[in-house]
Structure formats: structure tokens, C-alpha cells
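*Asks:* Quick one, structure for this:
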Amino acid sequence: MLTRHRRAALLAALPATALLLAACSAPTTDTSSDNASTPLTVVTSFYPLQFVAQQVGGNLADISNLTPPAADPHHLELSLAQTRQVGDADVVVTLTGFATAVDEAIEARQPQRVVDAADIVTLLPASVTGDQGHDHDHDHDSESDSHSHNHDSDDHSHDDADDHSHDSASDSYSHSDESDDHDHDSDDSHSLDHAEMGGYDPHFWLDPTLLAQLAQPIADAMADADPANADTFQANAASLVDQLTQLDREFADGLAPFAGAKLVTNHTAFGYLAQRYGLEQVGITGLDHDIEASPARLREIGDIVRANNVTTIFSETLVSPRLVDTLASDLGVGTAVLDTLEGLTQQGIDNGDDYFSLMRANLAALTAGLNTQ
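*Replies:* Got it, this is the predicted structure:
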């Protein structure tokens, strides 16, 4: 049995002993090492941006998407927690003007690193009559509102008279604007009104070469937030660009036989794809799929379908196919579905779909449904 004096001496020695053992057994704290092993927090506003961030960040980044499955990012509303998430993120990837709620969250919370696709990719102007329900109070002749169509990865310059000539019906729904001068100084080539998309088509990701332009800026932002893994981010970005380049080749080869074919869609979400691969998009409605087509427009579509031997009218995911189904039935043609990739459906998530699989499904639908005349 311990005496009272020996017991007191032992208790007094315990704290010092515990501290000594802790010092011997615990690793040296290295703040930089802990930070390097903690995944980056990256917030994206909708699916295609999430996809690029995932490909670049890999397992070194925790990527979240503010737009839930099957939701329309145009009508996105954020909770207070999501707004705080935007402010706390290491990197935010967005397209200014596409989702107002995200724009407002960025303005309010001022995240440290924002990659804005609107500052990287040249957006196509939508024609005034094609984009029904939108306000087009932009002066496209002014240099301060210019958008050059020349890209480093791909020369999209066209002669409007040669490459964008349309008949009177389909021209009003095309994404080219013959009154626009697209050859402006590059210093101001992305100066769209960031309060709204205005007269510009946001669906650039349907051209793989344009989506590829986001890889490097996102890698740079991640490298800035996590310098220890900069080489990995850069390598991942290069790999993604290679894969998107391959996808572009597949589309170019697959759609080459259909050059000039009419691509009749529910709404004009496929302007970038059509321009890239030589198709002529004809939309029942414009960019805003909430606008109802007039009887005159439906008759006009019928005339285009009959005159050009169109065999398929395409509806889109996230949009009701009822109008397309009814119109196609009246005209005696088939229907098919194209994915705008604005967001994944829950079924798509369950199936393991991603940008590549959905784009290849689009290619299959196009090659099966387009008519070479």
C-alpha cells in the first residue's frame, strides 16, 4: 500500500510524465502539411462547371454544385447556408449572368478566388427575334459590348454572308447576328453586361473546345489555393483538354455527313454545337424555353420541316416534351431528346452519367435523327 507521501509524490509527477510521453509519441505539427492534405473547397454554380472542377481537382478538391439534380439553374435560389458556402470556398466557379442568385451571393460574400466563365469564353450573341422573352437593349456595334469570335483553340471566324445565310424562317431563330461586328479589340471582348445574360447564349459547354478553355484557369485558381499540389492540377487540366479534343473529333467526324442539316429543337440551346459542327439550328422558341410558341411560329416550323425533309424534332432534358411531341405528331415526323447538360437528372447520377457520356448520347441522337437531304 502506498503511503500518503508516496501517493502525493506520484500524483505530482503525472502531469510532467504525460507531457513527456505526448512529446515523444505525437508527430511534429506542420501547418502547411495539414493544409496540403485537406481537400480544397470548390463551389460551382451548375453542372458543366462542376464537371471541369472535378476533373481538374480530382481527390484533392471537394467540389459542390449549387444547382441540385434536375433543377433549372436559371431559377436557382440559395439558402443562407449556401450563400455562406460561396463566401467560405477556396475557389468559386461560375458564369456571371446565368444564375442571378449565385451572382448575388458572390457580390455579398466576396470569395477570394472566382473563376468566371464569362471572362474566359467568348459568348455568342443570340439574334433579337430568336431569343424570345429576353431584353436585348445592347448596342452590339459599340466596342464596349463586343465579343470576338476568335479562339486560341479554334478559329470560329465566319463570313456571315457565306456561313450564316438562312431562309427567312430559320434565320430569325439562329444564333448568328448579321448586324453584329464580331471583329473588335480583344481588350474588351468579354464586356457583356454582368447583371444579366442579355442577348447572349450561355450554352457554350455544348462545344467541347469551349469547355476546354476553363481547364487552365480553374487549375491556376486551385494551384493558387494549394501550391503544394499545383503540378497535379496542371496535369489534370492538360488531360481534360486532351479528352475534350478527342470528343470534338468524334463530333466532327460523326456530324460531317450532315453539314448544313436543319437541327429543329424545342428551344435554341444548341447554337454553339450547331456552329461548331456545321448544322443550322431552328428553334420552336428562343433561348427562353418558358415562352410559348405562337401559332404563326408553329406553322413556320411546319413549313421548314416539310421543305427540308426534316425527319426528327428534338426536345431537351429539363423541359417538357409535350409541345415537340404534339407538333411532330401533326407533321408525321419522329422525336428524340438532346441533353443541354445544364444539370444532371437523378437518374443520370444513378446511372453514373457525366459530361462525356451525355455528350456522346447527344451525338448518337443527332446522327440517328438528322437528315442529309
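*Asks:* Help me confirm that T268 comes into contact with D288.
*Replies:* No: contact criterion C-beta atoms under 8 Å: T268 and D288 do not qualify, at 9.4 Å. Just so you know, the C-beta spots here come from the backbone N, C-alpha and C atoms, and that holds for glycine as well.
*Asks:* the more surrounded of the two?
*Replies:* The residue with more neighbours, out of T268 and D288 and counting by other C-beta atoms under 10 Å, is T268; that gives 27 against 14.
*Asks:* All the helices of the stretch 251-373 of the chain, in order from the start?
*Replies:* In chain order, the stretch 251-373 of the chain shows helices spanning 271-277, 295-307, 322-331, 346-351, 355-369, with DSSP state H, counting those that start in this stretch as the criterion.
*Asks:* for the record, mean pLDDT for the shortest one?
*Replies:* Confidence over helix 346-351 (mean pLDDT, whole number) is 86.
*Asks:* Which positions within stretch 217-234 qualify as buried?
*Replies:* By neighbour count, and taking 16 or more other C-beta atoms under 10 Å as the criterion, the buried residues in stretch 217-234 are 217-223, 225-226, 229, 232-234.
*Asks:* actually stretch 105-112, not the one I typed
*Replies:* By neighbour count on 16+ other C-beta under 10 Å, the buried set for stretch 105-112 is A105, I106, P111.
*Asks:* cool, and stretch 59-72?
*Replies:* Within stretch 59-72, the residues scored as buried using 16+ other C-beta under 10 Å are L60, A61, I63, N65, L66, T67, A71.
*Asks:* Mind checking which of these are in strands?
*Replies:* When DSSP state E defines the strands, the subset of the buried residues of stretch 59-72 inside them is A61, I63, N65.
*Asks:* Check the spacing between the residue nearest to the last one when sequence neighbours are not counted and T67 real quick.
*Replies:* Using C-beta to C-beta, 6 or more residues apart in numbering and skipping residues adjacent in sequence, the residue nearest N65 is Q50, 4.3 Å away. Counting by C-beta to C-beta, to the nearest Å, the gap between Q50 and T67 amounts to 8 Å.
*Asks:* Repeat that for L95.
*Replies:* According to C-beta to C-beta, L95 stands 11 Å off from T67.
*Asks:* swap in Q112?
*Replies:* Going from Q112 to T67 by C-beta to C-beta gives 22 Å.
*Asks:* got any ranges where this structure has weak pLDDT?
*Replies:* Judged by pLDDT under 70, the chain has its weakly predicted residues at 1-37, 127-198, 289-290, 373.
*Asks:* where exactly do the strands run in it?
*Replies:* Remark: strands assigned in the chain by DSSP E are 40-44, 61-65, 91-94, 114-116, 124-125, 200-201, 262-267, 280-285, 312-316, 334-338.
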